[in-house]
Structures are given as structure tokens and as C-alpha cells.
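Participant: What follows is a predicted protein model with its sequence.
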Amino acid sequence: MTAKALLAALTAAALATPAVGEPDLTGTWERYPQPGDTPDPALVSPPIPDPPLKPEYKAPWEANQAKLAARIAEGQPAGDNYVHCLPDGMPAMMQGMFPMEIFQRPEQINVTQEAFNQTRRIYLGETLPDASELDPTFYGHSVARWDGDTLVIETTNLNGEAWLNLGGDVMSDAMHITERYKMLNATTMSFEAMIDDPKVYTRPWTMVSALTRNKEQGFEIWEQACHEGNRSVQGQLELGMKPFSGVTPPR
């Protein structure tokens, strides 16, 4: 083997091998705790605080809270985007009620959420582009780096057309999210998201939660489409679920 070929092989091996302290997050993850779990008090997330809203955004937020409470009382899904067949967007996608798969490579991490088959791409070792270079999207543009054993992700270029979370918190296209993921034990990972949105909030604020690995042997996430062409709608209606406002169920 020539010196050039040896150098190329060593470089490829180095890229394929995570640095010491960087955990492999590849696998299927769900919110912690799951229904039926006996939660560890040390891992239970505190409630999401009321956000530090600017005065002009308090009325929309209060309207969302009323809408959320009414849906919960009627047994309907909480997320507003679900009603309109829109993706969760960020950061709500990472806190959904459905499982998600993480695929980790040295240069990129992909997250696929079961709900609507949403896919998020996170680029390691890159810097955030100027806002003028990209069109805004539901998931924005995410770049990441390792801080020891903690994955730090920054996301911008969001379109502001979703709820920030299932709690009905509002957002704008100026939002900058800084997430931190850290393994707490072999099966549990902490999730922290600092929200900086100067259009909507008076200051940055943080929400925290936890994720747990799915330990079911042979588990696979399903394909979940939205209302159009979804053959399970009739079965859901027979189970007692109600059609959403503005949507006509198939006959």
C-alpha cells in the first residue's frame, strides 16, 4: 500500500469512528416516560413554563391554550398542525407522541418521525448559513457539534407556521433554537431546547424533557399518512374519535 493510500484509509477510518465521549444515538426513541412506565423521579421533566411573551402575542397564546384544552376534553389530538395535515416543524417534532428513528453518521444525523414520516437533517461540522441563503421551512436548517458527550444543535431559517410545541406556544420566522442532547444512562437521553425569538418573546427561555430508547425486539416505526387516502379513518371513527373541524371524513 502506498503512503497516499494508507493516509486515505486512516482518514476514512477516523471519520467512521466516533471520537471518545461521543455516544451513538442511532436507534428508535420515544418520549419519557411512556404510558405504563413507572418514571424515575430524577428523570421526569418539569412542566413547560409559561413563555415570556411580548404583550401583542399574549392573546394568540391564550387562544391556543383554550383550543388545546377543548381538544383534550373532547379526546382529540392536541397539535394544531395535525388538523391541517401540516408537519410538526421544529422543535415540536422532537417532542411528539410518536416514536422517531435517529440515524447517526460522522457528518450528518437524520431524524425520521413516525408522524407524517417527517425527516429532519442535521449537519455536523458546518456553520449556520446567512438567512438570505436559504428559504425558510418547517424544520429550518440545523448544524451541530459535539461538546464532549453532549450533542449541541443550532437551528434557524424556520418559517414560523407551526406551534412551537404541543402546548400551543407561538413562534416566528426569527426563532433560533439551541438544543442539547446528553445520554443520562444506557437508555435515556435528556433534551434541552433554548428558544430565542426576539419577535415573540422578551428574552430567551428553555424547555427540557427526556427521551427513552424503544427496547421492543424487532420494533419498526409505521408509515403514517395524513387524512388524504388514509384507510384507517373509518376505524378511528368507529373507535369513537371525532372528525376534526373543517375536515369531511370519507364516505
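Facilitator: On my side now, so go ahead. Residues are numbered from 1 along each chain as shown.
Participant: where are the low-confidence patches of this protein?
Facilitator: Regions of the chain meeting the criterion pLDDT under 70 cover residues 1-20, 75-84, 166-168, 226-251.
Participant: Tell me which stretches of it form strands.
Facilitator: Along the chain, counting by DSSP state E, strands occupy 27-31, 100-104, 108-113, 118-124, 141-147, 150-156, 176-183, 188-196, 205-213.
Participant: can you redo the ones you listed as a markdown table with distance to residue 72 and mean neighbour count?
Facilitator: The way it works is simple: take the backbone N, C-alpha and C, and place the C-beta from them, glycine included. Converted to a markdown table, the strands of the chain look like this (distance: least, CB to CB, whole Å; neighbours: other CB atoms under 10 Å):
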| stretch | distance to residue 72 | mean neighbour count |
| --- | --- | --- |
| strand 27-31 | 16 | 19 |
| strand 100-104 | 23 | 19 |
| strand 108-113 | 21 | 18 |
| strand 118-124 | 23 | 18 |
| strand 141-147 | 30 | 17 |
| strand 150-156 | 28 | 20 |
| strand 176-183 | 26 | 18 |
| strand 188-196 | 23 | 19 |
| strand 205-213 | 18 | 18 |
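Participant: Residue 219 is nearest to which of the ones you listed?
Facilitator: strand 27-31 (5.9 Å; CB to CB).
Participant: quick one: strands adjacent to the closest one?
Facilitator: Next to strand 27-31 in the sheet, as set by DSSP bridges, lie strand 100-104 (antiparallel), strand 205-213 (antiparallel).
Participant: which stretch among those comes nearest residue 74?
Facilitator: strand 205-213 (25.1 Å).
Participant: by how many degrees do the closest one and strand 188-196 diverge?
Facilitator: Interaxial angle, strand 205-213 versus strand 188-196 (axes from the mean of the first three to the mean of the last three CA atoms, to 10 degrees): 160 degrees.
Participant: Please work out which residues outside strand 205-213 touch it.
Facilitator: Counting by CB atoms under 8 Å, 6 or more residues apart in numbering, strand 205-213 makes contact with 27-34, 43-46, 48-49, 51-52, 95, 165, 184, 186-195, all of which sit outside it.
Participant: could you redo the strands of the chain as JSON lines and give each row distance to residue 224?
Facilitator: What follows is the strands of the chain, written out as JSON lines (distance: least, CB to CB, whole Å):
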{"stretch": "strand 27-31", "distance to residue 224": "14"}
{"stretch": "strand 100-104", "distance to residue 224": "12"}
{"stretch": "strand 108-113", "distance to residue 224": "9"}
{"stretch": "strand 118-124", "distance to residue 224": "10"}
{"stretch": "strand 141-147", "distance to residue 224": "23"}
{"stretch": "strand 150-156", "distance to residue 224": "23"}
{"stretch": "strand 176-183", "distance to residue 224": "24"}
{"stretch": "strand 188-196", "distance to residue 224": "22"}
{"stretch": "strand 205-213", "distance to residue 224": "19"}
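Participant: Relative to residue 60, which of those is closest?
Facilitator: For the strands of the chain, proximity to residue 60 was assessed by CB to CB; strand 188-196 is nearest, at 16.0 Å.
Participant: Adjacent strands (with direction) for that closest one?
Facilitator: The pairing partners recorded for strand 188-196 under DSSP bridges are strand 176-183 (antiparallel), strand 205-213 (antiparallel).
Participant: Can you dump the C-alpha atoms of the first one in CSV for me?
Facilitator: Okay, so that is strand 176-183. The C-alpha trace of strand 176-183 is given here as CSV (Å, rounded to 0.1, in the frame of the first residue of the first chain):
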residue,chain,number,x,y,z
HIS,A,176,-33.2,30.5,16.8
ILE,A,177,-33.2,27.1,18.6
THR,A,178,-30.2,25.7,20.5
GLU,A,179,-30.7,22.1,21.5
ARG,A,180,-28.5,20.0,23.8
TYR,A,181,-28.8,16.1,23.9
LYS,A,182,-27.0,14.1,26.6
MET,A,183,-27.2,10.4,27.5
